[in-house]
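Colleague: With the input below, show me the fold.
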Amino acid sequence: MSSVLQDKNPLVPDPYSLPLETLDPAKVDIFQNDALWGYFERLRNEDPVHFLEDSDYGPYWSITKFDDIMFVDSNHDLFSSEGGITIGPLKSMEERAAEFQTPMFIAMDPPKHDVQRATVTPVVAPRNLAVLESVIRERAGKILDSLPIGEEFDWVDNVSIELTTQMLATLFDFPFAERRKLTYWSDTATAGPEAGVSMEERRAVLLECLEYFTRLWNERKDQEPGNDLISMLAHGRETKDMQPMEFLGNLILLIVGGNDTTRNSISGGVLALNQNPAEYDKLRADHSLVKTMVPEIIRWQTPLSHMRRRATQDVELRGKTIKAGDKVVMWYVSGNRDPEAIDNPDAFIIDRARPRHHLSFGFGIHRCMGNRLAEMQLRVLWEEILKRFHEVEVVGEPQRSPSVFVKGYTYLPVKLHARQ
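Modeller: Model prediction:
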């Protein structure tokens, strides 16, 4: 397979050929062609707190170094998440997007954020994770046992999507036979015009999602409280009177958070091991390295490339003044490759001394509440893979997501080689 770093790509301008003040990493082509690394390397080295006056998403600041991202993420009083966590809709879509607001607790500040998050956190409490582990192991085993040996197939659809969608259906107590609706809604929620999804199509699909979940809500609010996310929201003191669009916003958050991140790390791990065969050999020789490999996969992949905030007041950072109201984008994907914070960050090393020293789950009050569940799914899957297969071989180029937010894969052709 080709190198991890693909800076020289004929479809994407060389970042060092562009005027620094115009450098804009928020381009779908850069991500889809895996040509982002030089852009972020230049910003980290030459202008780590970088203001871009004109972009497809309006003016914004790029924060690209590990410690600066931690500072922004940890200071919610200075940098608010109200109004959205992604870089935002395209300028041409802003007015239509404003007409279809879906509030969610990750895009709220305290105190409302805190009480809504606390309502659903029990689903990923240690006691519940212990129960879920056996479920994940059984399902992972069944999925892997159904795969063909020696024949090419798509790892994304057959493994990454299938395992995470089954897990989501369990967390929501969603009708299992219709679980692929969750994948469809998740993909639509994060899709933009680059993926061929118009604002009108997105709105129609998400209202369909709201209608479906409202039926589940109405069924469960009159039942005894259950251990699923819908029941928790329907019975929660701070969430039981949510308005429909706020319910939809939190559904989108929970679906995307439970789907895209784990699913793309499952695919990314296979690709990373193929691009680093010495690490694959190391793993085959010592299966216990799965434990440290999992957070390294999550760092190396960084399945959500960024989070956005807005400054609540003027803030000085590295000699720059971020003005109150300015849009601030924390590029997790760049901070995870910052050599001042992580040794040899462009390398995939499955036995790092501090494998959890990464930004992929965020920091502060908005740190991903499902981080341990995501790690557990990856760990269990790889334990089951190693029991069955000598190698998951990537046999063609991956197709990457047309997004500057979800850093993932739409297709990954592989062949399985059985253990001897």
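
Colleague: The chain: strands as residue ranges?
Modeller: Listed in chain order, the strands of the chain (DSSP state E) span 49-52, 60-63, 79-80, 153-154, 306-311, 315-317, 320-322, 327-331, 389-394, 399-400, 409-411, 413-418.

Colleague: Output those in TSV, with mean neighbour count, distance to residue 339 and mean pLDDT appended to each entry.
Modeller: Heads up, the C-betas are built off the backbone N, CA and C, glycines and all. Output for these, formatted as TSV (neighbours: other C-beta atoms under 10 Å; distance: least, C-beta to C-beta, whole Å; pLDDT from 0 to 100):
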stretch	mean neighbour count	distance to residue 339	mean pLDDT
strand 49-52	20	18	98
strand 60-63	25	17	98
strand 79-80	20	25	92
strand 153-154	16	35	98
strand 306-311	22	20	93
strand 315-317	15	20	97
strand 320-322	16	22	98
strand 327-331	26	15	97
strand 389-394	18	27	98
strand 399-400	17	24	96
strand 409-411	19	26	96
strand 413-418	17	31	97
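
Colleague: Include distance to residue 36 when you put those strands into TSV, please.
Modeller: Formatted as TSV, the strands of the chain follow (distance: least, C-beta to C-beta, whole Å):
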stretch	distance to residue 36
strand 49-52	14
strand 60-63	12
strand 79-80	23
strand 153-154	24
strand 306-311	11
strand 315-317	22
strand 320-322	22
strand 327-331	9
strand 389-394	20
strand 399-400	10
strand 409-411	15
strand 413-418	22
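
Colleague: what comes up buried for stretch 271-285?
Modeller: 271, 272, 273, 274, 275, 276, 279, 280, 282, 283 (16 or more other C-beta atoms under 10 Å).

Colleague: Next one: the nearest residue to residue 420 once chain neighbours are set aside from residue 280, what distance?
Modeller: Nearest residue to residue 420 in three dimensions, chain neighbours excluded: residue 390, at 6.6 Å (C-beta to C-beta, 6 or more residues apart in numbering). Here the criterion is C-beta to C-beta, to the nearest Å. By it, residue 390 lies 10 Å from residue 280.

Colleague: which ones are touching residue 384?
Modeller: Residue 384 makes contacts with 137, 140, 141, 144, as judged by C-beta atoms under 8 Å, 6 or more residues apart in numbering.

Colleague: so the last one touches residue 386, yeah?
Modeller: No: taking contacts as C-beta atoms under 8 Å, residue 144 lies outside contact range of residue 386: 10.5 Å.

Colleague: which of the two has more neighbours?
Modeller: Between residue 144 and residue 386, counting by other C-beta atoms under 10 Å, residue 144 is the more crowded of the two (19 against 15).

Colleague: could you list every residue that touches that one?
Modeller: 159, 384, 385, 388, 389.

Colleague: now residue 244
Modeller: With C-beta under 8 Å, 6+ apart, residue 244 has these contacts: 210, 214.

Colleague: show me where pLDDT drops low in the chain?
Modeller: The model of the chain has pLDDT under 70 over residues 1-10, 89-125, 192-196, 365-367, 369-370.

Colleague: Look up how far residue 291 lies from residue 276.
Modeller: 18 Å.

Colleague: Same question for residue 57.
Modeller: Following C-beta to C-beta, the distance that separates residue 57 from residue 291 is 39 Å.

Colleague: just residue 334 next, same as before
Modeller: With C-beta to C-beta as the criterion, residue 334 and residue 291 are 27 Å apart.

Colleague: can you check residue 350 too?
Modeller: Distance from residue 350 to residue 291, by C-beta to C-beta: 10 Å.

Colleague: Mind checking which of the two has more residues around it?
Modeller: When residue 350 and residue 291 are compared for neighbours, residue 350 comes out ahead with 25 against 15, by other C-beta under 10 Å.

Colleague: can I get the buried residues of stretch 271-285 in CSV with distance to residue 77?
Modeller: Listed next are the buried residues of stretch 271-285 as CSV, based on distance: C-beta to C-beta, whole Å:
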residue, distance to residue 77
271, 39
272, 37
273, 42
274, 44
275, 41
276, 41
279, 41
280, 45
282, 44
283, 43
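
Colleague: among those, which two are most distant?
Modeller: The span of the buried residues of stretch 271-285, defined through C-beta to C-beta, is set by 271 and 282 at 16.7 Å.

Colleague: quick one, helices of the stretch 1-150 of the chain?
Modeller: Using DSSP state H, counting those that start in this stretch, the helices of the stretch 1-150 of the chain run over residues 28-32, 37-46, 66-74, 94-98, 112-120, 126-145.

Colleague: Turn those into TSV, columns for distance to residue 257.
Modeller: Output for these, formatted as TSV (distance: least, C-beta to C-beta, whole Å):
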stretch	distance to residue 257
helix 28-32	20
helix 37-46	24
helix 66-74	16
helix 94-98	20
helix 112-120	10
helix 126-145	16
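
Colleague: can you tell me which of these comes nearest to residue 15?
Modeller: It is, among the helices of the stretch 1-150 of the chain and with distance given as C-beta to C-beta, helix 37-46, at 4.4 Å.
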